[in-house]
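Engineer: Task: produce atomic coordinates for the following.
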Amino acid sequence: MENNTEQDNNIEEQKPKKERRPILPVILAIMLAGSLGIQGYLVYSNMQLTAYVADQQKKEADALEQQNTYQEDGYKVGEQYEIKSTTAISDAYKSGDDSKLSDEDKETLKMAKKVVDEVIKDGMTNYEKEEAIYKWMVKNIGQGASTTVTLPTQTGGDQYTPHGVLSGNGAVCVGYATTFRLFMNMLGMDCHIVHNEYHSWDLVQLDDGEWYHTDVYSDASAGVKEPSFRNFNMNDSAALLGHDWDQSALPEAKGVKYTAANQKKKDMKKIEDVPADIKKGLDEGRKVFFYQFDKVTEKDYPVADYIVSQLQSAISSSGTDGYVSGSWYLNEDEARGYILGIYVETYDGASMSEAASELSEEKRKALTDAINQAFGTEIGIDPNDYGYTEEGMMDEGMSGDSDMKGDPEEYLASEQITTTKTGGDGVTECFYAEEDGQ
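Structural biologist: Next comes the predicted model:
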């Protein structure tokens with residue numbers, strides 16, 4: 001027994017011993033490998049972060065460069081109409097000292113001050129002051145020359161400076177923009193001139209700290225004496241429907257409170273009551289309507305489209321030359337949904353210049369007869385007839401009582417109307433309708 005045990009022990013001693021691997025180096029190796037992996041990941045992440053930061057810095061630098069290079073004063077719209085500074089004039093108004101002004105600027109200040117004294121009342125808010133100036137400009141300043149044949153004193157230069165605009169009562173878009181900015185600055189409001197290569201308008205900051213686009217020129221068509229407010233106090237979303245500019249170079253306009261829709265909205269129980277209210281308003285001479293309902297739902301959108309389409313038909317059937325359009329606007333009271341805006345735009349000889357419209361009907365008829373004889377045409381004395389007289393229409397087999405006035409293609413074009421619907425960030429959808437509602 002003892003021998004066996006001793007033999008077994010000898011056998012056990014003769015077995016090769018298992019080599020014990022050092023534990024610490026293995027752990028260190030694992031830690032090192034993990035460390036290298038983490039380090040590699042961190043290096044990769046840092047490279048990504050560095051690239052992202054560099055990209056953001058480049059974007060900010062580019063935006064800053066655009067802001068620094070964006071030019072208001074000195075820029076020529078259409079390579080012709082220069083935006084000229086009005087700071088010296090507005091500063092002289094606020095200080096009461098015009099001694100450093102040129103003779104022309106003194107005269108400009110005198111004319112501008114007369115307008116301010118006429119339309120600005122004590123206790124007005126900045127919005128009310130802005131609206132008063134806007135309405136005065138629409139009523140008193142025409143687009144371009146007041147005559148079709150330019151007089152020697154009606155040069156382009158006279159129509160793009162506040163001096164020329166206020167003395168001649170005619171303006172191109174730059175004239176409107178610089179004159180409006182002059183008034184805003186005189187009244188203590190910050191105002192920029194926004195422009196692209198072919199058009200200019202204004203960006204004004206109001207009491208809520210927000211910026212709003214106002215394009216007086218686009219609302220002041222020749223012969224129109226009541227503002228449509230269609231291009232008054234727009235935010236970026238609304239302005240982008242008809243304007244294009246470098247948005248990175250100017251403050252963002254995202255205000256809602258002082259848009260025309262929110263300032264002039266009327267409470268209406270239901271959308272079906274709109275037609276009767278519009279008819280009453282038209283009889284009173286109003287052509288712009290904004291409605292706020294208890295709650296707007298998607299079911300109201302097609303109803304609004306149909307109402308606008310049928311209003312177009314009704315107005316055309318009454319013999320009025322014009323068109324109806326509508327838009328949904330963001331409501332300051334979000335719980336009540338969008339505001340419905342409806343515009344009725346009519347024409348009543350507006351295509352004639354002020355000088356031509358002063359001629360007697362007898363004189364215009366005599367001149368028109370001479371032109372018809374010379375050219376073998378049968379145009380009417382109203383330019384809105386687009387070259388057709390009632391007799392000419394009947395000769396072509398059309399009824400003299402027809403609602404279709406003028407060129408048929410022009411008529412059909414005028415019958416196409418649009419409504420637009422805002423999304424969460426502004427007006428995003430347009431709807432088109434013909435007279436039959438299709």
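Engineer: okay, and for the protein, where does confidence drop off?
Structural biologist: Applying pLDDT under 70 to the chain flags residues 1-50, 56-69, 143-157, 169, 222-225, 347-355, 357, 382-438.
Engineer: quick one, what contacts Ala261?
Structural biologist: Residues in contact with Ala261, defined by C-beta atoms under 8 Å, 6 or more residues apart in numbering, are 290, 329-331, 339, 341. Quick note: C-beta positions are derived from backbone N, CA and C, even for glycine.
Engineer: Closest to Gly164 out of the residues you listed?
Structural biologist: Gly341 (33.7 Å; C-beta to C-beta).
Engineer: Cross-reference the contacts of Ala261 with the strands and report the matches.
Structural biologist: 290, 329, 339, 341 (DSSP state E).
Engineer: so which two of these are the farthest from each other?
Structural biologist: Largest separation among these by C-beta to C-beta: Phe290 and Tyr329, giving 7.4 Å.
Engineer: and those two? which has more neighbours close in?
Structural biologist: Tyr329 (26 against 21; other C-beta atoms under 10 Å).
Engineer: Test my guess that Val194 contacts Tyr212.
Structural biologist: No: between Val194 and Tyr212 there is no contact under C-beta atoms under 8 Å: 11.2 Å.
Engineer: Sheet partners, orientation included, of the helix or strand harbouring Val344?
Structural biologist: Assigned by DSSP states H and E, Val344 belongs to strand 339-346. Applying DSSP bridges, strand 339-346 is found paired with strand 288-293 (antiparallel), strand 322-329 (antiparallel).
Engineer: what's the most buried one of those strands?
Structural biologist: strand 322-329 (a mean of 22; mean count of other C-beta atoms under 10 Å).
Engineer: Thr214 contacts Phe183, correct?
Structural biologist: No: the criterion here is C-beta under 8 Å, and Thr214 misses it with Phe183 at 11.0 Å.
Engineer: just to revisit the earlier point, can you list the ones in strands among the contacts of Ala261 in CSV and add distance to Ser85?
Structural biologist: Converted to CSV, the ones in strands among the contacts of Ala261 look like this (distance: C-beta to C-beta, whole Å):
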residue, distance to Ser85
Phe290, 36
Tyr329, 34
Ile339, 38
Gly341, 36
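Engineer: closest to Tyr70 among the contacts of Ala261?
Structural biologist: Using C-beta to C-beta, the contacts of Ala261 come closest to Tyr70 at Leu330, 27.3 Å.
Engineer: Without its sequence neighbours, what residue ends up closest to Thr346?
Structural biologist: Counting by C-beta to C-beta, 6 or more residues apart in numbering, Thr346 lies nearest to Gly322, which is 3.4 Å off, once chain neighbours are set aside.
Engineer: What of Ala239?
Structural biologist: Nearest one to Ala239, counting by C-beta to C-beta, 6+ apart, is His213 at 4.2 Å.
Engineer: So which bits of stretch 80-93 are buried?
Structural biologist: Using 16 or more other C-beta atoms under 10 Å as the test for burial, stretch 80-93 gives 81, 83, 86, 89-90, 92-93.
Engineer: wait, stretch 216-235
Structural biologist: Neighbour counts over stretch 216-235 (16+ other C-beta under 10 Å) mark 216-220, 222-224, 227-235 as buried.
Engineer: Which of those fall within helices?
Structural biologist: Among the buried residues of stretch 216-235, the ones falling in helices (DSSP state H) are 216-219.
Engineer: which neighbours do Val194 and Tyr212 share?
Structural biologist: With C-beta under 8 Å, 6+ apart, Val194 and Tyr212 have common neighbours Leu203.
Engineer: and Leu311, how many residues sit next to it?
Structural biologist: Leu311: 22 neighbours (other C-beta under 10 Å).
Engineer: residues contacting it?
Structural biologist: Contacts of Leu311 (C-beta under 8 Å, 6+ apart): 275, 278, 324, 342, 344.
Engineer: what helix or strand is it on?
Structural biologist: Using DSSP H and E, Leu311 falls in helix 300-317.
Engineer: Can you work out which residues contact both of Phe290 and Tyr329?
Structural biologist: 261, 339-341.
Engineer: could those go into CSV alongside distance to Asp207?
Structural biologist: Below are the shared contacts of Phe290 and Tyr329 laid out as CSV (distance: C-beta to C-beta, whole Å):
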residue, distance to Asp207
Ala261, 18
Ile339, 20
Leu340, 26
Gly341, 23
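Engineer: Mark out where each domain of this structure begins and ends.
Structural biologist: 72-264, 265-438 (automatic domain parsing).
Engineer: Single out the most deeply packed of these.
Structural biologist: domain 72-264 (a mean of 18).
Engineer: Specify the beta-bridge partners of Trp211.
Structural biologist: Applying DSSP bridges, one finds that Trp211 bridges with Gln205.
Engineer: give me phi/psi at Glu197?
Structural biologist: phi -70, psi -20 (degrees, to the nearest 10).
Engineer: who touches it in this structure?
Structural biologist: 77-79.
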